[in-house]
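> Sequence and predicted model, in that order:
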Amino acid sequence: MKNKSTDNQDPVLQALQAVSDPIRLNILTCLLLDGEKRITSEKYNIVKSTLSHHIKLLKDAQLIQEIKLGTTKTYVLNQEYIQQELPGLLELIRFRAGNTTK
């Protein structure tokens with residue numbers, strides 16, 4: 001039986017799995033529109049451990065990068081990686097953001 005580890009997973013498949021969750025897609029959209037940002041569990045009405053899990057999946061898929069300044073963590077899109085390995089993903093997220101009314 002194959003191990004379900006994402007260590008050797010195809011980058012496209014890993015990215016698609018990461019963006020398949022509405023919270024993770026919203027995180028990516030916010031980072032695309034706002035740039036570097038602090039992400040809090042209160043914004044999504046979830047517990048910190050759940051937010052940590054979402055962030056870990058996005059980091060594992062190399063879609064975001066963490067920036068530490070003291071005890072504060074902010075996040076930014078890994079745009080260079082996304083453009084190289086997942087061409088069109090940023091445009092798709094941008095298009096979705098422009099067509100979503102909230």
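Looks like it came in fine.

> what sits against the residue most central in space within the chain?
For the chain, the residue whose C-alpha lies nearest the mean C-alpha position (C-alpha atoms, centre = their mean) is Leu58; its distance is 4.0 Å. With contacts defined as C-beta atoms under 8 Å, 6 or more residues apart in numbering, Leu58 is in contact with 18, 24, 27-28, 64. C-beta: built from backbone N, CA, C; applies to glycine.

> if you set the cut-off to 10 Å instead, what comes out?
15, 18-19, 21, 23-25, 27-28, 31, 39, 64-66, 75, 77-78 (C-beta atoms under 10 Å, 6 or more residues apart in numbering).

> Selecting buried members of the residues you listed in ChimeraX, what would you type?
With 16 or more other C-beta atoms under 10 Å as the criterion, this ChimeraX line picks the buried residues out of the contacts of Leu58:
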select :15,18,19,23,24,25,27,28,31,39,64,65,75,77,78
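
> Show me where this structure has its helices.
Assigned by DSSP state H, the helices in the chain fall at 11-19, 22-34, 41-44, 48-60, 79-85, 89-98.

> Tell me the pLDDT of Thr6.
Looking at Thr6, its pLDDT is 47.

> Compute the number of surrounding residues for Asn45.
For Asn45, the count of nearby residues is 8 (other C-beta atoms under 10 Å).

> Could you list the residues in contact with stretch 28-35?
15, 18-19, 37, 39, 43, 58, 63-65, 74-79, 82, 89-91, 93-94, 96-98, 100.

> For this structure, give me the ranges with low pLDDT.
1-8, 100-102 (pLDDT under 70).

> let's see 90
For the chain, the stretches flagged by pLDDT under 90 are 1-11, 96-102.
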